[in-house]
Structures are given as C-alpha cells and as structure tokens.
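>>> Sequence and computational prediction follow.
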Amino acid sequence: MANGFMTRLSKQISFQDRLAEVNAKIQKNPDDAQALIARAVIYRQMEKYAEAVADCTTVIQTQPNNLQAALERGIACRMMNRFREALADLNQVILLDPSFWQAYHHRGQCYEQMNQPEKALVDYSKWIQITPDKPNPYFKRAEVFMKLKQFDSAVSDFDKVISLAPSVAASYQLRAIAYYAMGQIDKALADTQIMVSLEPGNPSYLHNRGVAYFELKQYKPAIVDFDRAVELAPKQAESFYYRGRAKAADGQLRAAIRDYNKVLELKSEHSAALLHRGTALLELKEYDQMMKNDDLLLELDPKNADVHYRRGLAALAEKLIDQAMRSFTQAIINRPDFASAYEERARLNMMRADRSGAISDLSQAIKYGLDDPVLFALRGRLLKDSGDFAGALADYDKALAGLPESFELYLERAQMHFKMRHFAQAAEDFAHCLETRPNDVGLLGNLGASYLEAGQYDQAIESFTQVISLDRGDAVSYMSRADAYMAKGDWAKAADDYKKVAHGSGDAPLKRLAEQHLAEIVTKK
C-alpha cells in the first residue's frame, strides 16, 4: 500500500512539474499551439478532461486543421462519454489524414463504448492496414471478436499478436478463453502449458493447468499439477480441494476424502469441501459417515441453510421428491432470501403440476438475486399458461435480453402480442423469427396477418406474396392479400385474388366469403 501511494504521489509531482513548465511557455506566448496541446495531454493524463478540451478548442479556433488538437479533443470527449463530439473530431482527423492510425484506434474505442462493435472492427482493421507489424491493433480487434463471440476470428488475431509479441501473457489467457468457448479445451490447455513454461514455479499457473486437465477428464495429469501446486504452496486450500475432486473422479475416493480433510484443516468452513466429502462418503455407501458430515455442519451452525439445500440435492439424486421438498423448504425457512433453494423448489412444484407454487417460488428466486434469463422464461411460460399475458410478456422481454438467440421465445412472444392485439410488436417478433427461418410459410403468414391487422398493407401484401411464391395453393394467403388490396382501394388486384379463392379453393366457407367480397367490389365499381 505504501509503495502504491508513493508511486501515485510521484506521478502527481511529475504532472505538476510538467504543467508548470508548459504554463510558463503559454504565459510567454498564449497562442503557442504546441504548448497548448502539450498541456491538454497533461490535463488528460490528470483526468482533467474539460480543461484538455478547452486547450484543444483554443488551438482549433485558430488552426482548424490541426490534427493533434482534434485528436486530443476527441480523446478527452470520449473519456467524458461525449461520444458524438468525440466522433466529430476523430472523423475530421481521418478526413484530413486517412493514415493517422491513432484516430482509428480511438474512434474504435469510442464505438466500443457506444456498443457498436461492428464499427469498431472496421476501424481496428484499418489500423492494422496502416501498422501491420504492431501487435496492439490485432489485440484490440481480437477483444471485439471475443465480445461478438466470433471466437475463430479472435483466435486468428491472437495468433498474430503472439507471433509479434510471444511473451505477452494476456494473449495466451484470452486465446485460452476463446478456445474454451469453442469447446477446444485441448488447445486451451496448450496455452496454459505455455504459461507454466514461462513461469514453472508459479503455483497458480500449475493450479490453473490442473483445472484444465480436470475439465478434460485427464485426472492423472491434473493430480500431478495439483501435487506440485500444493508442494509449492502447502496452504493453498483450493489446490487440495481440486485435487480431491480429481481423485474422486479418478475413483480414488479415500484419497479424495483425505484431501477434503486437509482443506478443512486449512479452512474449516470450506463448505464445498464438506459438500464433496459427503458426496464421496455417499458413493462409498458409508451412510453413517455421510450423516456425521452433515451433522458436523449443523453443529457448527444449527440454522445453516446450505446443509439443507445440499441434502435436498442429494435427495433429488435419489429421487426422494418429498424429502427433497422438505429439505429445500427448511433451507428457505433458515434463509428466507435463499434464491437457489426457491429455484429448486419451483422445479419440484412444476413436477407436481403446482403452477401457482412454481410461479411464487420463481418470483422469490428472481427477487433475491437470480437474474437468470432461464428463470424468466420458465415463469413467463407459466404465466402465459395461466392466462396472465401482460405478466408473461414482461418476463419474456427479460428472458430475451439474456437469451437473444432463442427462436422459441421470440415466437411465443409474437403469438402473445398477436393475441393481445399488439400487432406492430407481433410483426417485429415474427420478422425476427424469419431471420432464422426465412422460408417458413407459417411464419410468413403470421407476419402478413400482423401487418394486415396493424394497417401496414404494403408490408402485408409483400409477406403474403412470399407465402404464395412458396405455396401456390395457399388459399388463405390469396384471401388475405386480397383483403390488403381492398383496404388500399386496389379493387382490380383484390378481385384477382378473390377470384383465385372463389374458383380454386376447396374450403367452402372461404370460397363463399371470397364470392361475397367480389360482389362488394362490383357494387363499389
């Protein structure tokens, strides 16, 4: 702490010294553009962004094409989240000098802050074109690819970063994350191995590699890494804990229990170690020891909700539903804000077809902190089934905010909007579904119906025309398109479609309706 404080103090003194020096220059010549820009840079580094903007503006007023002043003002505006002004300055720099890579760098960051990652990618790509042998633009672009979940592209850029700067640990770390996301755990492991090779005596790196081995179910090398980690850091409880899990997965249940015991020696309240020790005892069918394990927790804390929650999970594993329900209920009694216990009891209530109980428990789980889109989806469907469309829609909105790729949720929300006569919103959701299934006749028909009810007749005609192009025999779509033409006053085209239904449909009621509309058109003419 003392070293950190002294470092900050020395930096502040340095800033003040530099500021005094540049102020002296400006005092002698208030129009000294270079001095004003230099002071703006100092102000920016001191996080005095408004002062930096003021100095740059002074320069720009007399030198409107001063690139450095525009760049610095753009950076300062970005730091103040004044993105529109920042973009204006950075755009001007690029307009005057398209090879000014710093402008692409900061405009890209601006777009990132504005949540426009695609535009940031364009700028970082341009930066790469200008400085192809520098690692930074590849790294920045890779970070954006990671945010967009375009992991293949991210890995490609990290490959380039590593080729240019092979000792940058962050590149290996982020590339490992990308590999994990793509399910390429073996490649992620390779990156953790490089980290260990860079610093073989680092127990944390050994621990992390051990975890990677564990996830690959390569338990023996995982155990070797954890052995080395605990040798180097004998009080690192987590390494004993994971070694215990690896040994348990490898069938070494007795050895696993010894590791859990060591964890509890180092960290007596390590609940996960107690949980897994109980599981190991259960697998060994040493039920008395398992109960003693639970009893120990209850002796330490008679109202320990986690114990009852764990017992509930164990009962579920043994399909003891009533016992599981009692355990989760006791956990909730002991800790009324135990969100996970409410979630598990809600699922039991769903199994029992207790819709109101499930809705109540899901509401409590959400209230007490489980901001999980899956829970909103579950509650939304239960509310929908109970006829509470308004409440269901609110939950579907939240679920889709976290599950934006869920076709089913968009489709179900669209159907609810239609039932509630929210036709514009229904059309929007049906259109979103069609991005996934562009030739789905049913979706196109629903989209057309939504447009028709919303009074968007041109869009309705376009949708029904698409249906007809895919299914020439769809009489309902001809009929609906005719209705849209009628609403627009295009009697001739409406008549053509009604005639197709009247002459070709095998649906007698639909045929009669088409004939009635044809008669109406005759009277209008």
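Sure thing, it's come through. Numbering: from 1, shown residues only.
>>> Sticking with residue 115, tell me its helix or strand.
When elements are assigned from DSSP states H and E, residue 115 belongs to no helix and no strand.
>>> cool, and the one 5 residues further on?
Following DSSP H and E, the helix or strand that holds residue 120 is helix 117-130.
>>> And the next helix or strand after that helix, what's buried?
Downstream of helix 117-130, the first helix or strand assigned by DSSP H and E is helix 135-147. By 16 or more other CB atoms under 10 Å, the buried positions in helix 135-147 come out as 135, 136, 137, 138, 139, 140, 141, 142, 143, 144, 145, 146. Bear in mind the C-beta positions are built from the backbone N, C-alpha and C, glycine included.
>>> Could you do stretch 354-369 as well?
For stretch 354-369, by 16+ other CB under 10 Å, it's 358, 359, 360, 361, 362, 363, 364, 365, 366, 368.
>>> In which helix or strand does residue 239 reside?
Assigned by DSSP H and E, residue 239 falls within helix 237-249.
>>> And the contacts of the helix or strand that that helix is followed by?
Sequence order places helix 253-266 as the next helix or strand after helix 237-249, per DSSP H and E. Contact with helix 253-266 is made by 235, 237, 240-241, 243-245, 247-248, 270, 273-274, 276-277, 280-281, 283-284, as judged by CB atoms under 8 Å, 6 or more residues apart in numbering.
>>> what residue lies at the spatial centre of the chain?
Closest residue to the average C-alpha location of the chain: residue 402 at 6.7 Å, with CA atoms, centre = their mean.
>>> right, and it touches residue 372 too?
Yes. Using CB atoms under 8 Å, residue 402 makes contact with residue 372 at a distance of 7.5 Å.
>>> Name the nearest residue to residue 290, ignoring sequence neighbours.
Closest residue to residue 290 apart from its sequence neighbours, by CB to CB, 6 or more residues apart in numbering: residue 281 at 4.1 Å.
>>> Let me fix that, I meant to ask about residue 446.
residue 430 (5.0 Å).
>>> which helices and strands sit right next to the helix or strand containing residue 510?
In the assignment (DSSP H and E), residue 510 maps to helix 508-524. If you count contacts as 3 or more CB pairs under 8 Å, 6 or more residues apart in numbering; DSSP states H and E, helix 508-524 packs onto helix 475-488, helix 491-504.
>>> Please state the mean pLDDT value computed over the last one.
Per-residue pLDDT over helix 491-504 has a mean of 91.
>>> same check, this time on the first one
Average pLDDT, helix 475-488: 94.
>>> elements contacting that helix?
helix 441-454, helix 457-470, helix 491-504, helix 508-524.
>>> What residues sit buried inside it?
Buried residues in helix 475-488, counted by 16+ other CB under 10 Å: 475, 476, 477, 478, 479, 480, 481, 482, 483, 484, 485, 486.
>>> What ranges does the stretch 1-150 of the chain have for its helices?
2-28, 33-45, 49-62, 67-79, 83-96, 101-113, 117-130, 135-147 (DSSP state H, counting those that start in this stretch).
>>> Kindly format the C-alpha coordinates of whichever strand or helix holds residue 331 as CSV.
Residue 331 belongs to helix 321-334 when elements are defined using DSSP H and E. These are the backbone C-alpha positions of helix 321-334, laid out as CSV (Å, rounded to 0.1, in the frame of the first residue of the first chain):
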residue,chain,number,x,y,z
ILE,A,321,-39.0,-36.0,-4.0
ASP,A,322,-40.9,-35.5,-0.8
GLN,A,323,-37.7,-35.5,1.2
ALA,A,324,-36.1,-33.0,-1.2
MET,A,325,-39.1,-30.7,-0.9
ARG,A,326,-38.8,-30.8,2.9
SER,A,327,-35.1,-30.0,2.7
PHE,A,328,-35.5,-27.1,0.3
THR,A,329,-38.3,-25.8,2.4
GLN,A,330,-36.1,-25.9,5.5
ALA,A,331,-33.3,-24.2,3.7
ILE,A,332,-35.8,-21.4,2.8
ILE,A,333,-37.0,-21.2,6.4
ASN,A,334,-33.4,-20.8,7.6
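>>> Just the buried positions in the very next helix or strand once past it, please.
As assigned by DSSP H and E, the chain's next helix or strand after helix 321-334 is helix 339-351. The neighbour-count check on helix 339-351 (16+ other CB under 10 Å) flags 339, 340, 341, 342, 343, 344, 345, 346, 347, 348, 349, 350 as buried.
>>> so helix 339-351 versus helix 321-334, what angle?
Angle, helix 339-351 to helix 321-334, by axes from the mean of the first three to the mean of the last three CA atoms, to 10 degrees: 150 degrees.
>>> what mean pLDDT does helix 339-351 have?
Across helix 339-351, the per-residue pLDDT values average to 96.
>>> Over to stretch 129-139?
96.
>>> Tell me the gap between that stretch and the middle of its chain.
Distance of stretch 129-139 from its chain centroid, counting by CA atoms, centre = their mean, to the nearest Å, is 27 Å.
>>> could you measure the closest residue to the residue nearest to the centre of the chain other than its chain neighbours against residue 410, distance?
Spatial nearest neighbour of residue 402, chain neighbours left out: residue 373 (3.0 Å); criterion: CB to CB, 6+ apart. Using CB to CB, to the nearest Å, we find residue 373 at a distance of 13 Å from residue 410.
>>> try residue 246
Distance of residue 246 to residue 410, given as CB to CB: 42 Å.
>>> Same question for residue 69.
Counting by CB to CB, the gap from residue 69 to residue 410 is 48 Å.
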